[in-house]
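Participant: Sequence and computational prediction follow.
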There are 2 protein chains.
Amino acid sequence: MKPSGPNLRAIPDGDDRERLFCGDCGFILYENPKIIVGAVCTWGEKYLMVKRAIEPRLGTWTMPIGYMELGETADQGALREVWEEARAVAEVDGLLAVFSFPQISQVHMIYRARMTGPDFAAGPESLEAGLFTWDEIPWDHLAYPNVRMALEYERQVKGQTGFAPIGL
Amino acid sequence: MKPSGPNLRAIPDGDDRERLFCGDCGFILYENPKIIVGAVCTWGEKYLMVKRAIEPRLGTWTMPIGYMELGETADQGALREVWEEARAVAEVDGLLAVFSFPQISQVHMIYRARMTGPDFAAGPESLEAGLFTWDEIPWDHLAYPNVRMALEYERQVKGQTGFAPIGL
Ligand SMILES: [Zn+2]
Ligand SMILES: [Zn+2]
């Protein structure tokens, strides 16, 4: 049978919202907002950035960031993305930003992290990885406005602990 | 046809993890961590609490908290839960806690909020709602340890702005 999956909408019994369900087998899909986790990682004065090898925004630069997976904490997910996209090992030491995007039902949680060694390399979802001084960051080729916002906030709270994340 | 839905596991082409798929129609379910949003709400010196009318932990007390829905920000979701469970109107003014529970793939985001008026009432998922002084809070009948942790942190940062959330 050709995959169809949930593609019809109705309000299930006892619910108060429309949900997607499958006309073939009756499965009801409860869609939930998705969590995106990432980290502004530093090594000394330098920032770890990756050039995206996949759409959307292929060829633009970002901190390592991606979908949180099952079975991990949000900060573990951020460090997994650092490893997957930039082949770097880091430690989280604060939450920089919580950005909600209700139009696409995403919450982005961006941590501050420090690399524990100088090694890095492009992972399979990156065209390049690099360590940049502040002035070297490819500001004109960033993937999204929140990349700049997270980088600027990291600089603003540098050396501080106990800061509130930007966003809400 | 009786609903079966995704109940088989395999690694899809081009993926690196097992996913659930439906043997009837082939639909692949990409499960993601879920976001739970809630708020420690105060009215003057008093704390807004609800007694759960649904499982799990029916009959125990908590701050208003529940699943974030599509199309809202995390803080809007927290205030929606305050309205749905305690029929109170409030404003968020900080992020108290981010608790990850990897065993159940949940991230709980608990905000600090202030009621904008004295009205409250039990919503459909609550047996009771109440405003309690610190000493009146039903400490021995709280739903989860994170309820106590969020309440205690609210008290610790009372009057402060710019505090870091507990958890990560
Ligand atoms: Zn189906
Ligand atoms: Zn199916």
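Facilitator: Structure's in. What do you need? Ligands and ions are numbered 1, 2, ... in the order given.
Participant: C-alpha from now on. contacts and neighbour counts both.
Facilitator: OK.
Participant: Just the pLDDT for A:Leu70.
Facilitator: Confidence at A:Leu70, expressed as pLDDT, is 94.
Participant: And it, how far from ligand 2?
Facilitator: 22 Å (Cα to the ion, to the nearest Å).
Participant: Can you list the strands that the lengthiest strand in chain A pairs with?
Facilitator: Identified as the longest strand of chain A according to DSSP state E is strand A:90-101. Paired strands of strand A:90-101, with direction, are strand A:106-115 (antiparallel), strand A:166-167 (parallel) (DSSP bridges).
Participant: For these, give me TSV that also has mean pLDDT, distance to B:Lys34 and mean neighbour count.
Facilitator: Output for the strands paired with strand A:90-101, formatted as TSV (pLDDT from 0 to 100; distance: least, Cα to Cα, whole Å; neighbours: other Cα atoms under 10 Å in any protein chain shown):
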stretch	mean pLDDT	distance to B:Lys34	mean neighbour count
strand A:106-115	98	11	24
strand A:166-167	95	19	16
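Participant: which residues of chain A fall in strands?
Facilitator: A:8-10, A:19-21, A:28-29, A:34-43, A:46-52, A:61-62, A:65-67, A:90-101, A:106-115, A:126-132, A:166-167.
Participant: For B:Pro56, find the nearest of the ones you listed.
Facilitator: Judged by Cα to Cα, the one of the strands of chain A that comes nearest to B:Pro56 is strand A:28-29, at 21.4 Å.
Participant: For the closest one, give the mean pLDDT please.
Facilitator: On average, strand A:28-29 scores 84.
Participant: now swap in stretch A:153-160 and tell me
Facilitator: 97.
Participant: and what of stretch A:127-147?
Facilitator: If you average the pLDDT over stretch A:127-147, you get 97.
Participant: tell me which residues of stretch A:119-131 are tucked away?
Facilitator: In terms of neighbour count (16 or more other Cα atoms under 10 Å in any protein chain shown), stretch A:119-131 has its buried residues at A:Phe120, A:Ala121, A:Ala122, A:Gly123, A:Glu125, A:Ser126, A:Leu127, A:Glu128, A:Ala129, A:Gly130, A:Leu131.
Participant: now, which of those sits nearest B:Gln106?
Facilitator: The shortest gap between B:Gln106 and any of the buried residues of stretch A:119-131 belongs to A:Glu125, at 25.8 Å (Cα to Cα).
Participant: Apart from its chain neighbours, what residue comes closest to that closest one?
Facilitator: Spatial nearest neighbour of A:Glu125, excluding adjacent residues (Cα to Cα, 6 or more residues apart in numbering or on different chains): A:Ala53 at 5.0 Å.
Participant: pretty sure that neighbour contacts A:Ala129?
Facilitator: No: A:Ala53 is beyond contact range of A:Ala129, at 10.7 Å (criterion: Cα atoms under 8 Å).
Participant: how far away is the residue in chain A that ligand 1 sits nearest to from B:Ile137?
Facilitator: When scored by Cα to the ion, chain A has A:Cys25 as its residue closest to ligand 1, at 3.9 Å. Shown here: A:Cys25 relative to B:Ile137, a distance of 47 Å by Cα to Cα, to the nearest Å.
Participant: quick one, phi/psi of the residue of chain A closest to ligand 1?
Facilitator: Main-chain dihedrals, A:Cys25, degrees, to the nearest 10: phi -120, psi -10.
Participant: The nearest residue to A:Leu79 once chain neighbours are set aside and ligand 2: what is the separation?
Facilitator: In space, and not counting its chain neighbours, A:Leu79 is closest to A:Ala90: 6.5 Å by Cα to Cα, 6+ apart. Separation of A:Ala90 from ligand 2 (Cα to the ion): 41 Å.
Participant: What of A:Glu45?
Facilitator: Counting by Cα to the ion, the gap from A:Glu45 to ligand 2 is 52 Å.
Participant: residues contacting A:Tyr30?
Facilitator: By Cα atoms under 8 Å, 6 or more residues apart in numbering or on different chains, A:Tyr30 lies in contact with A:Arg19, A:Leu20.
Participant: B:Leu29 versus that one, what's the distance?
Facilitator: 11 Å.
Participant: if we can go back for a sec, isn't the residue of chain A closest to ligand 1 up against B:Gly26?
Facilitator: No: look at A:Cys25 against B:Gly26 with Cα under 8 Å: they stay out of range, at 10.2 Å.
Participant: of these two, who's got more company?
Facilitator: More crowded of A:Cys25 and B:Gly26, by other Cα atoms under 10 Å in any protein chain shown: A:Cys25, with 21 against 17.
Participant: What's the per-residue pLDDT of A:Asp24 here?
Facilitator: For A:Asp24, the predicted pLDDT is 78.
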